[in-house]
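# Quick one: sequence plus predicted model below, questions after.
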Amino acid sequence: MKFIYFILILCWVDSPVFSQPKSIEIPFDNTTSPSSPYVRGEVLKYRVHYGWIDAGEAVLTITNEKKKIKGRDTYHMVGTGRSLGAFNWFFKVRDRYETYIDEYENVPLVFIRRVNEGGYIINQDQEFDHQMKTVNSNGNNFDIPAGVQDMLSAFYYARKLDFSTAKVGDEFIITTFLDDEIFPLKIKYAGKETIKNEMGKFPCRKFHPVVQEGRVFNADKDLSVWISDDNNSIPIRIEAKLFVGSAKMDLKHYEGLAHPIALIHK
């Protein structure tokens, strides 16, 4: 499983998804809500660990930059992942993902990917033209559907979804452009739970990204994501049960949130 996919809550795209007859394809909504779940200046930091061993750190940032691209105001999001300590000796990770999202249309305009995982390097630059429904990826043009997201913008788009009427077992699809292909990201709603970490207790909504059994995971419920049950909708924990154990990513610091966080202090 690619390290940064786990970091960015998009790790379910690393394996082909099952075909599910009851999936709900999310209609693209380009409106901007006055109660947006995020604002410029938001910073989320995560500890990635295997048991008590720290394996890495992930940081998700919305910069204070307000750059115009083709005359459009944008949000600039940056996601970074890096390995720590002894993990650098046998699998050093230095990943950086950036996206510029149209502030009003909620679609990506520019996506930048710089991956270095154990010497495996990916450099990717994409420019989206949503009017022409095309994307230029490293000099090659591809057709895209309306409202398509990139690997990082999909995360922020998902935070804007309304799950207030979701029922356990419902699946939701976000159409994403990934590795020069159109890919349906699928997430299954699993109800509400309270998650405890070193910061306190967080009321959460739980999801299972839909993955293929028998590859990285034993079953489709071996990957779980807990999102804060508040207007921020930020990841609190990601847990992956693997053939060789389990790994977790836990929120360890936050700042600049748009709304009060649902947190029960210790």
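Yep, it's here. Source: prediction; values computed, not measured.

# so what does the longest strand that the chain contains touch, helix or strand wise?
Longest among the strand segments of the chain by residue count, using DSSP state E, is strand 181-197. Secondary-structure packing of strand 181-197 (3 or more C-beta pairs under 8 Å, 6 or more residues apart in numbering; DSSP states H and E): helix 153-159, strand 171-178, strand 200-209, strand 223-228, strand 235-242, strand 245-255. All C-beta atoms are positioned from the backbone trio N, CA, C, and that covers glycine.

# which of the residues in it are buried?
By 16 or more other C-beta atoms under 10 Å, the buried positions in strand 181-197 come out as 183, 185-190, 195.

# Arrange the residues you listed in a markdown table, one row each, with distance to Ala58 as further columns.
What follows is the buried residues of strand 181-197, written out as a markdown table (distance: C-beta to C-beta, whole Å):
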| residue | distance to Ala58 |
| --- | --- |
| Phe183 | 21 |
| Leu185 | 18 |
| Lys186 | 22 |
| Ile187 | 19 |
| Lys188 | 23 |
| Tyr189 | 24 |
| Ala190 | 22 |
| Ile195 | 17 |
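
# Leu251: which of those is nearest?
Ile195 (9.1 Å; C-beta to C-beta).

# What does the pLDDT read for the closest one?
Listed pLDDT for Ile195 reads 94.

# Ok, Tyr50 next?
For Tyr50, the model assigns a pLDDT of 82.

# Please look at it and Lys241 and confirm they touch.
No. Assessed by C-beta atoms under 8 Å, Tyr50 is found out of contact with Lys241, at 11.7 Å.

# returning to what we had before: just the CA atoms of the longest strand of the chain, as CSV, please.
The C-alpha trace of strand 181-197 is given here as CSV (Å, rounded to 0.1, in the frame of the first residue of the first chain):
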residue,chain,number,x,y,z
GLU,A,181,-7.4,7.2,-15.4
ILE,A,182,-10.9,7.9,-14.2
PHE,A,183,-11.4,6.1,-10.9
PRO,A,184,-14.5,5.7,-8.7
LEU,A,185,-13.5,6.2,-5.0
LYS,A,186,-16.0,4.3,-2.9
ILE,A,187,-16.7,4.7,0.8
LYS,A,188,-19.2,2.7,2.9
TYR,A,189,-20.9,4.2,5.9
ALA,A,190,-20.6,2.1,9.1
GLY,A,191,-22.4,4.2,11.8
LYS,A,192,-21.2,6.3,14.7
GLU,A,193,-18.4,5.5,17.3
THR,A,194,-16.4,7.4,19.9
ILE,A,195,-12.6,7.2,19.4
LYS,A,196,-10.1,7.8,22.2
ASN,A,197,-6.5,8.9,21.6
